[in-house]
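K.L.:
what would the 3D arrangement of this be:
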Amino acid sequence: ALEGIHPGEGWLLERTLRRRDGSTVRVRAVTRVLHDETGEVEYVVAASEDLSQIFLLEQSAQAATRLERVQRERLELVAAVNDALEASTDLPDLMARVTSVVVPRLGDWCSLHVLPTADSEIPIVEVAHVDPSMVRFARELQERFPYDPTAPTGVAKVIRTGVADFFPEITPDVIDDQDLTPEVRGIVDDLALRSAISVPLRKHGQVLGALQLVMTAGHRRYTDEDLTLAHAVADRIAASLENRRLRAAQERTALVDARLAALGWQLAAAADLDQVLEVIVQDAGNVMGADAVEIGLVFDAEHVHAVRTGAPLTSEAIAHFEVHDLAGPSAMARAVRTGERQYVEGDPDPLAPDARALIASPLFDADHHPIGVLLFTWHAERHFDEFDRTAIDTLSRLCGGAVRRAETSGYNDQLGELTAAIGMHDWALVEVD
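P.N.:
Sure, this is the predicted structure:
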């Protein structure tokens, strides 16, 4: 091997060698071949150098470069999420923007689950995937397997408990531990899930939803650093959702307050009970955003008379009103019978079979005896929150007070007319004498 080497030539080698104690050392060896006057190899000169420190420094520099790149990419991701949050116009737009930013930077698959209100149980879901066809498949799965808020695993568990789920490596054993049905297990196997993170969207101790990230391709797996980043992204989303909720609540409060004030002025300007009822059935529903309003007045101990228009309350008109038995099963009858407000969500009501939601709120006299009931109905599904309950309470007090004043005013007017008539009759008798 040395015969083919020309005078002054040699070679340079770098190797990692293992010592007897098991440790390793990086060595660089330099070799030169020296020839005599006849050209024969006379000497081989070799020198070696321990490169361990240099090698460690190079590794440290490479690691620092990689760390810097990862940190830069993470900062860019958080900045992109911030931009998506600020640019969004409403909740669906926010969710679509955020998921499209996260994929593929932090996962092959991202699903964002947001609870619409503080007391909602079913979240709104937005999905993004590197393969658009998988988004359609995910939506089909949502229809086939509706969200169960009591599910012991998955996103439902994260939202319910507020604790993250982290699966750096999704092995068959991990999937077995989820106690899936054979059908769902087959779907999970087809999805080829490799690694997953699910983190709650938390703000002020309240869970607003969850962010789920999944790796399905390649050899990349989630690390503890990825879990930390997922929490950071989730915190930004939660902060934006909380701000949106606060703004929406303020706007909602201002709108309802303005509508209550306008209704109060209209009721105060009503000249009699007929006009009060007309104002209520025409404008009270606007306060709650209801599709229809009905007011029932209690004329006896067994029936409530439903008023849908401001028709004069003559005996002939009352005969044409819908009369409901107070012992009946309707929400209106229950409200008068029990003196308690009735909230119906989804269940049909005998008096409003087409309504998907309704509120029946009793009206009281000064002694807290039921004198009537307000019935608000909605054609679309609706969940009543604490704000709705407070607003309907204020609205009922306002309408009940107007009805009481109108009834008292009407009674006083009739009494005044009777007194005047009697006085005139007595005066006429005196004149004849």
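K.L.:
state the helix or strand in which residue 397 lies.
P.N.:
Element membership of residue 397, judged by DSSP states H and E, is helix 386-432.
K.L.:
can you tell me the SS state at residue 360?
P.N.:
strand (DSSP: H, G, I helix; E, B strand; the rest coil).
K.L.:
over to residue 211?
P.N.:
Strictly by three-state DSSP, residue 211 counts as strand.
K.L.:
that one: neighbour count?
P.N.:
The number of residues packed near residue 211 is 29, by other Cβ atoms under 10 Å. To be clear about C-beta, it is placed using only N, CA and C from the backbone, and glycine gets the same treatment.
K.L.:
and what of residue 327?
P.N.:
10.
K.L.:
measure it to residue 334 for me?
P.N.:
The gap separating residue 327 from residue 334 is 10 Å, by Cβ to Cβ, to the nearest Å.
K.L.:
could you do residue 405 as well?
P.N.:
Distance, residue 405 to residue 334, by Cβ to Cβ: 27 Å.
K.L.:
with neighbour numbers in mind, choose between these two.
P.N.:
Neighbour totals were compared for residue 405 and residue 334, and residue 334 leads with 21 against 15 (other Cβ under 10 Å).
K.L.:
grab the nearest non-local neighbour of that one.
P.N.:
Once flanking residues are discounted, residue 334 sits nearest to residue 342: 5.3 Å by Cβ to Cβ, 6 or more residues apart in numbering.
K.L.:
so for the helix holding residue 397, what's the average pLDDT?
P.N.:
The pLDDT scores in helix 386-432 average 68.
K.L.:
likewise stretch 205-220?
P.N.:
For stretch 205-220, mean pLDDT is 89.
K.L.:
just the buried residues of that stretch, please?
P.N.:
Residues 207, 208, 209, 210, 211, 212, 213, 214, 215, 216 are the ones in stretch 205-220 that count as buried (16 or more other Cβ atoms under 10 Å).
K.L.:
just for this protein, where's the confidence low?
P.N.:
For the chain, the stretches with pLDDT under 70 are 1-11, 41, 55, 65-67, 69-70, 300-324, 410-433.
K.L.:
which residues in it form strands?
P.N.:
10-18, 24-35, 41-50, 109-114, 124-129, 165-167, 195-203, 206-215, 292-298, 303-307, 322-325, 342-345, 357-364, 370-378 (DSSP state E).
K.L.:
tell me the contacts of the residue nearest the centre of the chain?
P.N.:
Nearest to the mean C-alpha position of the chain, by Cα atoms, centre = their mean, lies residue 115 at 2.1 Å. Counting by Cβ atoms under 8 Å, 6 or more residues apart in numbering, residue 115 touches 121, 122, 123, 124, 159, 207, 208, 209.
K.L.:
with residue 131 instead?
P.N.:
With Cβ under 8 Å, 6+ apart as the criterion, no residue contacts residue 131.
K.L.:
how far away is it from residue 375?
P.N.:
Relative to residue 375, residue 131 is positioned 51 Å away (Cβ to Cβ).
K.L.:
before we move on, what about residue 35?
P.N.:
On the measure of Cβ to Cβ, residue 35 and residue 375 end up 113 Å apart.
K.L.:
quick one: which of those two has more around it?
P.N.:
residue 375 (27 against 16).
K.L.:
you'd agree the more buried one is up against residue 360?
P.N.:
Yes - using Cβ atoms under 8 Å, residue 375 is in contact with residue 360, at 5.1 Å.
K.L.:
now for these two: what residues contact both?
P.N.:
Going by Cβ under 8 Å, 6+ apart, residues that sit against residue 375 and also against residue 360 are 331, 332.
K.L.:
need the contacts of residue 115 in a markdown table (columns: distance to residue 190).
P.N.:
Formatted as a markdown table, the contacts of residue 115 follow (distance: Cβ to Cβ, whole Å):
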| residue | distance to residue 190 |
| --- | --- |
| 121 | 29 |
| 122 | 26 |
| 123 | 24 |
| 124 | 26 |
| 159 | 25 |
| 207 | 30 |
| 208 | 31 |
| 209 | 26 |
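K.L.:
if the nearest residue to residue 125 once chain neighbours are set aside is in a bridge, with which residues?
P.N.:
Counting by Cβ to Cβ, 6+ apart, residue 125 lies nearest to residue 113, which is 5.3 Å off, once chain neighbours are set aside. Beta-bridge pairing of residue 113 under DSSP bridges involves residue 125, residue 210.
K.L.:
list the contacts of residue 113.
P.N.:
Taking Cβ under 8 Å, 6+ apart as the test, what residue 113 contacts is 123, 124, 125, 155, 159, 209, 210, 211, 212.
K.L.:
which one of the residues you listed sits closest to residue 90?
P.N.:
For those, the closest approach to residue 90 (Cβ to Cβ) belongs to residue 124, at 11.2 Å.
K.L.:
quick one: the helices in the stretch 1-150 of the chain, in order.
P.N.:
52-87, 91-102, 132-144 (DSSP state H, counting those that start in this stretch).
K.L.:
okay, those helices in CSV with distance to residue 17 and mean neighbour count next?
P.N.:
Putting the helices of the stretch 1-150 of the chain into CSV (distance: least, Cβ to Cβ, whole Å; neighbours: other Cβ atoms under 10 Å) gives the following:
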stretch, distance to residue 17, mean neighbour count
helix 52-87, 10, 13
helix 91-102, 46, 19
helix 132-144, 49, 12
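K.L.:
can you say which of those is nearest to residue 271?
P.N.:
Going by Cβ to Cβ, the one of the helices of the stretch 1-150 of the chain nearest residue 271 is helix 91-102, 45.3 Å.
K.L.:
can you list contacts of that closest one?
P.N.:
77, 80-81, 83-85, 87-88, 110-112, 114, 116, 124, 126-128, 211, 213, 233, 237, 240-241, 244.
K.L.:
try stretch 343-359
P.N.:
If you take Cβ under 8 Å, 6+ apart as the criterion, stretch 343-359 is touched by 288, 290-292, 294, 306, 324, 328-332, 341-342, 360, 374-384, 388-389, 392.
K.L.:
please redo it, this time with the cut-off set to 10 Å
P.N.:
Under the criterion Cβ atoms under 10 Å, 6 or more residues apart in numbering, residues 288, 290-292, 294, 296, 306, 322, 324, 328-335, 341-342, 360-361, 374-384, 388-389, 392, 395-396 lie in contact with stretch 343-359.
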